[in-house]
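A.B. asks: would you be able to build a 3D model of this:
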Amino acid sequence: DKPYKQFVEEQIAGDVLFPGTRDGIQALGFISAGPWDFIGHVELPETKTDGKIARHLDRDDMVANTIGTFTSVTVHCAQCHNHKFDPISQEDYYSLQAVFSALDRADKKYFDDPAMTARFSQLDGRQRELAERKRVIERDAAKQAGETVVKLDAQIAEAAKQPEKAIELAALKAKRAQLVDGAMKPETRAERDNLVIELRQLNNDLSGFPKPDVVFAGTVYYGINDFRGTGATGGKPRPIYLLARGQVTTPGREVSPGALSMLSFQPARFAVAKNAPEGERRAALAHWITDPNNPLTWRSIVNRVWQYHFGAGLVTTPNDFGLNGSPPSHPELLDWLAAEFRDTGGSLKKLHKLIATSATYKQTSNPQSAIRNPQSNELLWRQNRRKLEAEAVRDAVLAVTGKLDLTMGGPGWQDFVIERPEHSPHYEYGLADPEDAKTWRVRRAKSTVTSGARKTLMALPVRLRGYGRMSRRSPGDRTSPSERRNPAASSASW
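C.D. replies: This next block holds a predicted model:
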């Protein structure tokens with residue numbers, strides 16, 4: 001029953017506020033949530049406009065997910081202009097982007113032992129630093145060597161495509177190395193040779209570590225392709241500018257990291273030095289969100305928990321507490337629950353118990369004939385009638401038949417067959433054979449877990465795709481953040 005304050009802080013800055021902890025690192029996967037574009041994330045350098053757009057969209061996801069999830073505010077609507085309905089300026093939006101400006105979506109390695117993680121990170125960082133310096137030296141020397149090296153590079157690329165030319169390929173590489181070495185000044189060559197020696201020692205030291213765990217997270221990226229991230233500059237945050245009409249081609253003045261100026265409990269701009277480590281920006285945002293005086297955070301989470309128990313929140317638009325959202329049906333109750341939750345340690349277990357043992361929750365869901373308008377239940381004069389979620393129906397069926405597999409961890413399972421995966425893949429649920437173990441295996445992961453009777457929570461989702469056999473049972477919406485389940489979903493059996 002982790003305190004909610006700590007939970008939120010781990011999602012945003014766990015590596016800074018809870019260093020060396022497994023949860024503090026794994027939780028950073030929250031920042032990386034969003035669509036993955038291979039071209040934008042791998043093949044496009046940030047010097048090109050499309051590369052700048054890809055990074056801008058990544059930061060937009062980070063800002064929208066963080067502020068929308070924890071404070072129920074549609075801050076992303078201020079990307080191109082001041083928010084049309086709420087007091088959120090365009091500068092507020094880009095100040096939030098500045099919080100995440102050093103981050104990209106990438107794999108982050110770690111161990112259960114904090115000391116081992118710290119040592120590994122130190123050696124790994126030093127290795128990347130030296131490898132980058134060696135690359136720059138050899139790149140500059142290759143330019144000095146002239147057209148001959150350019151032609152050799154073309155020959156090497158062509159020979160590499162033909163396995164039978166392995167000997168020729170080795171000879172070409174040796175010739176290129178000789179030309180590059182000859183183009184270096186003696187002191188530069190000596191520096192490069194020292195780098196090679198130190199890199200060899202670092203490789204030996206790193207090889208002594210066990211295989212690290214990996215989480216896909218929002219982190220500093222050390223790229224080796226066209227997109228290189230901020231790792232080459234030590235994770236220095238990118239400068240963020242106020243973009244006219246949200247276009248990366250029309251930058252205005254630079255903005256500093258901060259949050260929403262409409263709230264006065266803390267200064268809207270963070271007191272973080274420009275040359276401070278990037279993690280301090282995220283830590284400042286985490287503290288701003290979890291501040292006891294933040295009126296949005298505590299209302300947001302208790303409203304979401306209320307929605308879980310009643311099918312609708314006290315604010316029926318849990319992702320939008322602004323003017324375009326719905327006003328609370330019971331504002332005093334919402335405020336009391338928020339304060340009670342905040343002041344008693346942020347225990348979700350206590351909050352669940354408080355709601356589930358209330359007289360309101362324990363009411364019958366049968367309409368009373370004395371009420372003239374039985375369709376309206378905004379004031380909760382009875383309990384809401386609710387359908388069991390598609391996931392719970394499936395798990396319950398498996399449980400009563402004794403087939404439910406409660407194995408934890410590992411990759412998800414899939415109940416579809418992918419046709420034409422090389423281009424525009426089709427996800428065919430009707431072709432999956434429930435009796436075939438291959439149906440449940442995730443091809444991109446190495447795992448011995450192939451059971452199709454695992455909990456639905458472990459299902460591999462496909463963004464913007466349906467739910468197959470569960471589509472008739474009030475599933476969530478994969479095309480947008482689901483505020484609540486569709487109550488009109490068919491109750492027909494699978």
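
A.B. asks: just the helices in the stretch 251-400 of the chain please.
C.D. replies: Here the stretch 251-400 of the chain has its helices, by DSSP state H, counting those that start in this stretch, at 279-290, 297-310, 331-343, 348-356, 390-400.

A.B. asks: what packs against the shortest one?
C.D. replies: Read that as helix 348-356. The contact analysis (3 or more Cβ pairs under 8 Å, 6 or more residues apart in numbering; DSSP states H and E) places helix 348-356 against helix 297-310, helix 331-343. Backbone N, C-alpha and C define where each C-beta goes, glycine included.

A.B. asks: coming back round to it: now for the helices of the stretch 251-400 of the chain, which one comes closest to Asp15?
C.D. replies: Smallest distance to Asp15 across these (Cβ to Cβ): 6.5 Å, for helix 279-290.

A.B. asks: avg pLDDT for the closest one?
C.D. replies: In this model, helix 279-290 has an average pLDDT of 97.

A.B. asks: same question for stretch 134-143.
C.D. replies: Mean pLDDT, computed over stretch 134-143, is 88.

A.B. asks: the stretch 101-250 of the chain: strands as residue ranges?
C.D. replies: 104-110, 213-219, 240-243 (DSSP state E, counting those that start in this stretch).

A.B. asks: ok now the first one, how far from the chain's centre?
C.D. replies: Spelled out, that is strand 104-110. With Cα atoms, centre = their mean, to the nearest Å as the basis, strand 104-110 stands 11 Å off its chain's centre.

A.B. asks: ranges for the helices of the stretch 51-200 of the chain?
C.D. replies: Counting by DSSP H, counting those that start in this stretch, the segments of the stretch 51-200 of the chain that form helices are 90-99, 114-145, 147-160, 166-182, 186-207.

A.B. asks: out of those, the one nearest Thr316 is which?
C.D. replies: Going by Cβ to Cβ, the one of the helices of the stretch 51-200 of the chain nearest Thr316 is helix 90-99, 25.5 Å.

A.B. asks: next one: that closest one to chain centre, how far?
C.D. replies: Centre-to-centre, helix 90-99 and its host chain are 18 Å apart (Cα atoms, centre = their mean).

A.B. asks: now that helix - C-alpha only, CSV.
C.D. replies: The C-alpha trace of helix 90-99 is given here as CSV (Å, rounded to 0.1, in the frame of the first residue of the first chain):
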residue,chain,number,x,y,z
GLN,A,90,1.2,28.6,-24.1
GLU,A,91,4.2,29.4,-22.1
ASP,A,92,3.0,27.1,-19.3
TYR,A,93,2.8,24.3,-21.8
TYR,A,94,6.3,24.8,-23.2
SER,A,95,7.7,25.2,-19.6
LEU,A,96,6.4,21.7,-19.0
GLN,A,97,8.1,20.5,-22.1
ALA,A,98,11.3,22.0,-20.8
VAL,A,99,11.0,19.6,-17.8
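
A.B. asks: quick one: low-confidence residue ranges for this structure.
C.D. replies: 224-225, 368-375, 410-412, 421-424, 434-452, 460-494 (pLDDT under 70).

A.B. asks: and stretch 75-86, end to end?
C.D. replies: One end of stretch 75-86 to the other measures 9 Å (Cα to Cα, to the nearest Å).

A.B. asks: what does stretch 287-294 give?
C.D. replies: By Cα to Cα, one end of stretch 287-294 lies 10 Å from the other end.

A.B. asks: and that stretch, how far out from the chain middle?
C.D. replies: A distance of 22 Å separates the centroid of the chain from that of stretch 287-294, by Cα atoms, centre = their mean.
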